[in-house]
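Q: Following is a predicted model, sequence given first.
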Amino acid sequence: MHATRLLQIMSLIVFLLLLSCAPTPGGRRSSPGSLPILEQETRFVSLSPQEHPNEQESEGLFAKPYISLPESSQVITVLTVQLDMDGEEEQLVAYKTSPQPATPITLSVADYDSIRDVYREVWKTSLPMTSPYFFSMEAIDLTGDHTPELVVQGITETGDLNLQIFRRTLSPWGLSLSYRSVLSITTQGKVEIVRHERSTAYAEGQTTGQAFPVRVTTERTDEGGTIIQTITTYEWDVFQEVYTVRATEERALEHRGDTSEELRRLFEGTAEAIATFVAGPWFKEETHEETFLVLDYENREISFYREDIQEIYLWQNSIKNFYRGISIIAQNKTLPGLSISIYLSLQDANTIQISITTPEIRDPSPWNGTYSRFTEGLQRAFFSRSPISPRPLHLSGVFTNETTGGQVIFSDPSRLTWHTEDKSLSGFFTTYAIKEHTILEFLLFEERHTPPTHRLFLVTSSKEETVPLGVKKELVLLPIRLTPFGVEPLPSAVPITLQQIIREQRETPAPTPQ
């Protein structure tokens with residue numbers, strides 16, 4: 001009797017356990033047959049309540065994969081996103097199954113199974129990209145229907161740039177997430193997604209939004225040496241549900257000296273040759289702020305400066321993937337987990353265009369823009385690892401402008417403030433010698449929104465004399481320009497006289513003891 005009763009209780013327990021494992025209506029089916037991958041490749045990771053992604057503490061800047069990967073796999077990046085609006089987050093995992101350079105990158109989608117309380121890989125694809133550097137992925141609503149597409153960019157084994165866009169599709173294996181390719185581009189040019197501002201109604205989910213086009217820019221040189229730029233625009237076709245070519249435009253770029261034989265050979269060379277050519281300090285154009293970039297290829301460092309902000313990155317890798325540029329992967333020196341991709345394009349021998357992307361940050365980088373190369377004199381002053389010749393003239397303190405009024409303040413070793421009657425400019429200065437001439441060079445920034453300006457002066461006179469108040473220093477500066485033939489005064493140049501009084505410090509006698 002008792003044995004029969006015990007057997008019934010045990011049978012009931014087993015039945016309840018089996019019932020708890022059965023899929024409920026609307027739940028995701030986790031049988032191997034529901035996966036668009038091989039059964040032996042189905043992987044699960046059990047999550048205890050404290051390990052749930054919504055409650056898990058992040059480690060560093062990057063999330064950890066919630067699925068197990070094959071041994072010797074190299075994780076490139078992990079993105080935790082909301083793909084199906086079910087209240088549970090999904091994961092995009094990009095990884096290589098081996099560290100071999102030719103091994104393609106695999107993109108995997110991991111979905112949460114609330115029945116078994118596990119994450120499992122529900123879809124994956126092999127990408128044309130092979131380089132773990134210059135790889136980015138995001139989930140963004142490109143088509144405007146509130147369903148995010150998967151956007152992946154990276155570098156192929158041949159060094160080309162590749163863009164892949166995947167759109168969610170119905171899965172033949174049930175309710176699992178599944179995707180299909182709607183655009184694949186391989187190019188040696190530049191690829192960008194043109195993101196339009198969408199309406200408030202779209203942001204509130206009341207209507208659909210305008211689809212974002214994709215723009216591809218390539219360049220070639222014709223027989224006459226003119227650079228021909230081709231812009232191809234892909235737009236979303238709502239009927240075919242793919243991206244198709246809608247417009248192709250060709251235009252000749254303005255000649256700015258960048259088709260010289262020297263630069264042509266440079267563009268045909270290696271990434272290392274271009275990196276060596278652009279090494280040195282640069283200043284940002286068309287800004288009222290003092291923004292500088294130092295590309296130190298020899299010591300593998302990249303530094304950005306703006307007022308009291310400084311960011312230093314370790315130059316990890318660079319490849320040539322565009323007609324006139326290189327892509328650089330760099331790691332933040334202070335935050336090793338933060339990496340950026342820098343796209344550098346040479347506009348001419350003394351001008352570069354910088355565009356920075358960070359996987360964790362969608363807003364444009366404040367360092368983006370056009371930069372001009374410093375002159376040789378300023379390079380000696382600001383690029384500390386370059387050979388610096390002794391300064392022929394030491395300047396420090398407040399000088400009175402006896403010619404036009406105002407003051408010029410030199411802050412040792414290289415800062416400068418120039419006060420006039422109606423404005424104040426700040427910047428940097430350096431002094432150097434050209435043959436028998438002493439040159440004083442200024443780089444000045446106006447407080448209003450104007451580009452920085454260079455000013456060159458020939459020091460025609462520098463003398464000191466003792467006066468009743470102390471020592472008087474006097475400089476006479478002639479505005480000039482440098483030419484291949486040497487120093488040349490500017491037209492209608494008027495010499496500027498700067499004077500400084502250094503008061504003599506006299507010792508005060510000690511008081512007589514009473």
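A: Yep, that arrived.
Q: measure the closest residue to residue 133 other than its chain neighbours to residue 188 for me?
A: Leaving out its chain neighbours, the residue that sits closest to residue 133 by Cβ to Cβ, 6 or more residues apart in numbering is residue 329, at 4.1 Å. To be clear about C-beta, it is placed using only N, CA and C from the backbone, and glycine gets the same treatment. Distance, residue 329 to residue 188, using Cβ to Cβ, to the nearest Å: 18 Å.
Q: Show me which of those two is the more surrounded one.
A: A direct count of neighbours by other Cβ atoms under 10 Å for residue 329 and residue 188 places residue 329 higher, at 21 against 15.
Q: Show the pLDDT at the more buried one.
A: Confidence at residue 329, expressed as pLDDT, is 86.
Q: hang on, the earlier thing: what sits against the residue nearest to residue 133?
A: 133-134, 316-318, 339-342 (Cβ atoms under 8 Å, 6 or more residues apart in numbering).
Q: Also residue 476?
A: Shown in contact with residue 476 (Cβ under 8 Å, 6+ apart): 459-462, 495-498.
Q: Of those, which count as buried by neighbour count?
A: Using 16 or more other Cβ atoms under 10 Å as the burial test, the contacts of residue 476 include 459, 462, 496, 498 as buried.
Q: What is the most widely separated pair among these?
A: Using Cβ to Cβ, these span at most 13.0 Å, a distance reached by 462 and 496.
Q: Residue 202: which of the buried ones among the contacts of residue 476 is nearest?
A: So of those, ranked by how close each gets to residue 202 (Cβ to Cβ), first place is residue 496, at 58.7 Å.
Q: Quick check: that closest one touching residue 459?
A: No: using Cβ atoms under 8 Å as the test, residue 496 is too far from residue 459 to be in contact (10.6 Å).
Q: Show me the helices in the stretch 51-200 of the chain, by range?
A: 200-203 (DSSP state H, counting those that start in this stretch).
Q: just for the stretch 101-250 of the chain, where's the confidence low?
A: For the stretch 101-250 of the chain, residues meeting the criterion pLDDT under 70 lie at 172-175, 225.
Q: show me where it has strands.
A: 105-113, 118-126, 136-140, 149-155, 161-168, 179-187, 190-193, 214-221, 227-237, 242-252 (DSSP state E, counting those that start in this stretch).
Q: For residue 405, which of those is the nearest?
A: Residue 405 lies closest, by Cβ to Cβ, to one member of the strands of the stretch 101-250 of the chain: strand 227-237, at 47.9 Å.
Q: just checking, what packs against that closest one?
A: strand 214-221, strand 242-252 (3 or more Cβ pairs under 8 Å, 6 or more residues apart in numbering; DSSP states H and E).
Q: For residue 366, find the nearest of those.
A: Nearest to residue 366, of all the helices and strands packed on strand 227-237, is strand 214-221, at 22.9 Å by Cβ to Cβ.
Q: What are the contacting residues of that closest one?
A: With Cβ under 8 Å, 6+ apart as the test, strand 214-221 has contacts from 163, 165, 183, 185, 187-194, 227-235, 243, 253, 259, 264, 322-324.
Q: My understanding was that residue 459 contacts residue 473; is that so?
A: No: shown here, residue 459 and residue 473 do not form a contact pair, counting by Cβ under 8 Å, at 12.0 Å.
Q: Distance-wise, check residue 96 relative to residue 129.
A: Taking Cβ to Cβ as the measure, residue 96 falls 10 Å from residue 129.
Q: So these two - more neighbours on which side?
A: A count of neighbours by other Cβ under 10 Å puts residue 129 above the other of residue 96 and residue 129, at 27 against 23.
Q: out of everything not next to it in sequence, what's closest to the most centrally placed residue in the chain?
A: Note on the chain: the residue nearest the mean C-alpha position is residue 356, at 1.9 Å, using Cα atoms, centre = their mean. Leaving out its chain neighbours, the residue that sits closest to residue 356 by Cβ to Cβ, 6+ apart is residue 365, at 3.9 Å.
Q: Kindly report the same for residue 194.
A: Excluding the flanking residues, the one nearest residue 194 by Cβ to Cβ, 6+ apart is residue 213, at 4.9 Å.
Q: what sits against the one you found?
A: 193-194, 233-236, 246.
Q: and with 7 Å instead?
A: With contact set as Cβ atoms under 7 Å, 6 or more residues apart in numbering, residue 213 has these partners: 194, 233-235.
Q: ok, back up a step: switch the buried ones among the contacts of residue 476 over to CSV; also include pLDDT and secondary structure.
A: Below are these laid out as CSV (pLDDT from 0 to 100; DSSP: H, G, I helix; E, B strand; the rest coil):
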residue, pLDDT, secondary structure
459, 92, strand
462, 90, strand
496, 94, strand
498, 93, strand
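Q: Pick the one among the residues you listed closest to residue 309.
A: Nearest member of the buried ones among the contacts of residue 476 to residue 309, counting by Cβ to Cβ, is residue 498, at 31.5 Å.
Q: ok, now how distant is the nearest residue to residue 217 once chain neighbours are set aside from residue 206?
A: Nearest in space to residue 217, with sequence neighbours left out and distances taken as Cβ to Cβ, 6+ apart, is residue 190 at 4.6 Å. Using Cβ to Cβ, residue 190 is found at 35 Å from residue 206.
Q: same question, residue 402
A: 69 Å.
Q: More neighbours: which of the two?
A: Between residue 402 and residue 206, counted using other Cβ under 10 Å, the more crowded position is residue 402 (12 against 9).
Q: quick one, what contacts that one?
A: Contacts of residue 402 (Cβ under 7 Å, 6+ apart): 497, 499.
Q: Kindly recompute the last result at 8 Å.
A: 497-499 are the contacts of residue 402 under Cβ under 8 Å, 6+ apart.
Q: and those residues as a markdown table, adding distance to residue 410?
A: Formatted as a markdown table, these follow (distance: Cβ to Cβ, whole Å):
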| residue | distance to residue 410 |
| --- | --- |
| 497 | 15 |
| 498 | 9 |
| 499 | 13 |
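Q: so what's residue 76 up against?
A: Counted by Cβ under 8 Å, 6+ apart, residue 76 has contacts 94-96, 105, 132, 135.
Q: can you do 10 Å?
A: Neighbouring residues of residue 76 by Cβ atoms under 10 Å, 6 or more residues apart in numbering: 93-96, 105-107, 129, 131-133, 135-137, 154, 359.
Q: does the closest residue to residue 272 other than its chain neighbours have beta-bridge partners, and which?
A: Spatially, and ignoring its direct neighbours in sequence, residue 272 is nearest to residue 318 (7.6 Å; Cβ to Cβ, 6+ apart). Judged by DSSP bridges, the bridge partners of residue 318 are residue 328.
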